[in-house]
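Chemist: how would this look folded up:
(one chain, ligands or ions: 1)
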Amino acid sequence: MTEAPAGSLVCPEPEARPDLWPWTTRRDEDGALSVGGLSLAKIARDCATPVFVLDRADLRGRARVWATTMAEEFWDGYGMAGGDAFYAAKALLCADVADVVTGEGMGVDTASLGELAITLRAGVDPGRVGLHGNNKRDAEIELALEAGEGAGIMRIFIDSLPEVAQVERIAAGRGATVHVMVRLKTGIHAGGNEYIATSHEDQKFGVSVADGSAMDVVRAILASPHLELLGFHNHIGSQIEGTQAFEAAARIVVDFRARVRDECGVEVPEIDLGGGTGIAYTGADPVPTSAAEVARALAAAVRNECEATRTSIPHVSVEPGRAVVGPTTVTLYRVGAIKDVTLEGGAVRRYVAVDGGMSDNIRPALYGADYTATLANRAPSGSVQRCRVVGKHCESGDIVVWDVDLPSDIRADDLLAVPATGAYGWSMSSNYNMLTRPGIVAVEDANARWIVRPQTLADLMDLDPGLDAED
Ligand SMILES: Cc1ncc(COP(=O)(O)O)c(C=O)c1O
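Modeler: I've put the predicted structure just below:
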């Protein structure tokens with residue numbers, strides 16, 4: 001099993017680390033945590049556990065900050081050419097989330113038929129939607145072209161040379177012109193874990209600037225009658241601290257744009273510099289880099305590099321996911337079995353089992369990701385005991401929180417809240433062990449509403465035709 005990551009063992013209360021919790025999280029007078037004006041104890045009673053609880057006002061605020069900050073830093077009044085922010089739907093998508101983020105000025109970037117279909121069904125303007133994917137199926141491209149009564153979505157990100165011919169074939173069949181951006185591999189190695197670093201050479205995404213494949217793709221697009229080259233894209237990875245890696249990538253993208261101008265005579269109007277801004281998951285994590293810090297650093301890097309390469313300043317967009325939705329949500333679990341385990345050397349580790357686990361949060365098992373947890377139904381007080389919070393799955397790696405100090409009197413039926421589970425929690429959830437996927441309840445102004453209903457046993461049964469289907 002992977003070693004537990006180092007980190008603080010005490011879960012900070014909301015007033016101590018507001019960046020870790022949904023914005024409206026409070027410890028009420030009775031000691032219970034509340035979000036959006038609703039006690040988590042009441043939510044657990046009404047909705048059952050486990051459940052994702054999303055603070056809608058917080059989501060709205062974060063989306064607005066990204067959209068306005070990008071527009072502001074790249075404002076043409078500052079000599080820039082406009083800025084924009086697209087929500088990375090893979091972090092968490094349902095109609096309500098798409099509606100909230102676009103209502104605050106963000107576009108939406110999708111990466112599959114399902115993400116695109118849900119986004120369009122939510123009524124998002126196709127002119128504000130992008131499509132990613134390193135292995136797009138024809139059906140995905142066809143839906144992208146059909147959207148908006150045939151006007152198509154705003155941009156398709158080309159990830160390989162064969163994809164140029166694929167999109168060209170489908171566009172030609174419809175007599176359409178498609179706006180495309182080329183996903184570049186800039187060689188920057190960044191990201192909180194190897195699996196979420198996405199722009200070094202030895203990984204599957206994008207076409208390499210260094211080995212010439214990116215230029216081959218550009219020439220193929222320019223030769224293609226149904227494709228219009230909108231610009232270049234680079235996403236270096238996820239859970240990134242600071243701004244240095246983003247700035248380095250921005251310089252490479254701007255340089256490549258200048259080379260394309262010099263070699264092909266085309267100066268593309270746009271660049272997209274991806275997502276990746278990190279968030280705090282535990283009290284040991286630093287306060288995250290803000291949207292304003294990222295946008296300001298990107299604006300300076302783009303401006304300077306455009307000056308150096310004597311190119312015009314492009315329109316610049318970004319695609320944050322985790323930083324928009326991650327901290328807006330907590331997962332609420334109910335405690336079940338508790339077991340003290342004597343370790344080598346005599347120390348005791350208390351295993352606190354909850355009613356979910358790796359099927360609603362795979363990140364600890366997948367990348368050793370660190371989370372924290374606190375009591376949600378009463379205030380933590382008295383002595384503490386070192387605990388490992390585990391799930392109910394048939395794997396010893398089914399860990400929710402590696403190490404956290406919880407009150408020694410923790411008992412069955414207590415509620416635990418795990419903060420910062422909004423991104424890549426529900427979206428990566430599964431039916432492992434035939435557990436039903438939890439729902440997402442949005443809270444705002446003391447009202448709660450399912451924005452994704454929880455699966456039921458009947459849903460699982462429906463997927464399995466059973467033996468009678470052969471009759
Ligand atoms: C192309 C692309 N853009 C944006 C994102 C969002 O990244 P994050 O959630 O770290 O902001 C991802 C995440 O994998 C991605 O692949």
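
Chemist: where does the stretch 1-150 of the chain have low pLDDT?
Modeler: Within the stretch 1-150 of the chain, the stretches with pLDDT under 70 are 1-8.

Chemist: tally of neighbours for whatever residue of the stretch 151-300 of the chain ends up closest to the ligand?
Modeler: In the stretch 151-300 of the chain, the residue that lies nearest the ligand is residue 275 (2.6 Å; C-beta to the nearest ligand atom). Every residue, glycine included, has its C-beta placed from N, CA and C. With neighbours defined by other C-beta atoms under 10 Å, the count for residue 275 comes to 28.

Chemist: to the chain's geometric centre, what's the distance from the helix or strand harbouring residue 304?
Modeler: According to DSSP states H and E, residue 304 maps onto helix 291-309. Offset of helix 291-309 from its chain centre (C-alpha atoms, centre = their mean, to the nearest Å): 24 Å.

Chemist: Helix or strand: which one has the nearest residue to residue 267 once chain neighbours are set aside?
Modeler: Spatial nearest neighbour of residue 267, excluding adjacent residues (C-beta to C-beta, 6 or more residues apart in numbering): residue 261 at 4.4 Å. Assigned by DSSP H and E, residue 261 falls within helix 244-264.

Chemist: Kindly provide the whole-number mean pLDDT of that helix.
Modeler: Per-residue pLDDT over helix 244-264 has a mean of 97.

Chemist: who in the chain is up against the ligand?
Modeler: Residues of the chain lying close to the ligand (C-beta under 6 Å from any ligand atom) are 88, 90-91, 109, 132, 198, 235, 238, 274-277, 319-323, 423.

Chemist: change it to 5 Å
Modeler: Taking C-beta under 5 Å from any ligand atom as the criterion, the chain approaches the ligand at residues 88, 91, 235, 238, 274, 275, 276, 319, 320, 321, 322.

Chemist: Would you write out the ChimeraX command that picks the buried residues out of those residues?
Modeler: To isolate the buried subset of these in ChimeraX, counting by 16 or more other C-beta atoms under 10 Å, use the following:
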select :88,91,235,238,274,275,276,319,320,321,322
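
Chemist: Which of the residues of the chain next to the ligand fall in strands?
Modeler: residue 88 (DSSP state E).

Chemist: any idea which of the residues of the chain next to the ligand is closest to residue 62?
Modeler: residue 320 (8.7 Å; C-beta to C-beta).

Chemist: if I pick the closest one, what's in contact with it?
Modeler: Listed by C-beta atoms under 8 Å, 6 or more residues apart in numbering, the contact partners of residue 320 are 66, 85, 87, 88, 275, 276, 277, 291.

Chemist: Touching, the last one and residue 277? I think so.
Modeler: Yes. With contact defined as C-beta atoms under 8 Å, residue 291 and residue 277 form a contacting pair (7.2 Å).

Chemist: what touches both of those two?
Modeler: 320, 323.

Chemist: the longest strand in the chain is where?
Modeler: Longest strand in the chain, counting by DSSP E: strand 329-342.

Chemist: Can you name the next helix or strand after the helix holding residue 261?
Modeler: Taking DSSP H and E, what comes next after helix 244-264 is strand 270-272.

Chemist: Okay, now the sheet partners of that following strand, with direction.
Modeler: Here strand 270-272 is paired, per DSSP bridges, with strand 227-233 (parallel), strand 315-318 (parallel).

Chemist: Tell me the buried residues in the shortest one?
Modeler: Spelled out, that is strand 315-318. 315, 316, 317, 318.

Chemist: Tell me the one of those residues nearest the ligand?
Modeler: For the buried residues of strand 315-318, the nearest to the ligand is residue 318 (8.3 Å; C-beta to the nearest ligand atom).

Chemist: Look up how far residue 30 lies from residue 419.
Modeler: Separation of residue 419 from residue 30 (C-beta to C-beta, to the nearest Å): 20 Å.

Chemist: ok, back up a step: from the contact counts, what lies against the longest strand of the chain?
Modeler: helix 40-47, strand 51-55, strand 348-354, strand 415-419 (3 or more C-beta pairs under 8 Å, 6 or more residues apart in numbering; DSSP states H and E).

Chemist: Please give me every residue in contact with residue 141.
Modeler: 131, 156, 166, 167, 170.

Chemist: Return the members of these classed as buried.
Modeler: Applying 16+ other C-beta under 10 Å to the contacts of residue 141 flags 131, 156, 167, 170 as buried.

Chemist: Kindly report the domain assignment for this structure.
Modeler: Split into domains by automatic domain parsing, the chain comes to 18-55+327-463, 74-320.

Chemist: re the thing from before, buried residues, the longest strand of the chain. List them.
Modeler: Quick answer for strand 329-342 (16+ other C-beta under 10 Å): 329, 330, 331, 332, 333, 334, 335, 338.

Chemist: do you know how far the residue nearest to residue 267 is from residue 302?
Modeler: 15 Å.

Chemist: When the two are compared, which one has more neighbours?
Modeler: Taking neighbours as other C-beta under 10 Å, residue 261 and residue 302 compare with residue 302 leading, 27 against 16.

Chemist: Residue 254 is in contact with the more buried one, correct?
Modeler: Yes. Using C-beta under 8 Å as the test, residue 302 is close enough to residue 254 to be in contact (5.9 Å).

Chemist: who touches both of the two?
Modeler: What both residue 302 and residue 254 touch, as defined by C-beta under 8 Å, 6+ apart, is the set 271, 314.

Chemist: re earlier: closest one to residue 207 among the helices and strands packed on strand 329-342?
Modeler: Nearest to residue 207, of those and by C-beta to C-beta, is strand 51-55 at 36.3 Å.

Chemist: so how far is the closest one off the chain centroid?
Modeler: 15 Å.

Chemist: Compute the inter-axis angle for that strand and strand 329-342.
Modeler: 140 degrees (axes from the mean of the first three to the mean of the last three C-alpha atoms, to 10 degrees).

Chemist: Report the strands that pair with strand 51-55, each with its relative direction.
Modeler: Short version: by DSSP bridges, strand 51-55 pairs with strand 329-342 (antiparallel), strand 440-444 (parallel).
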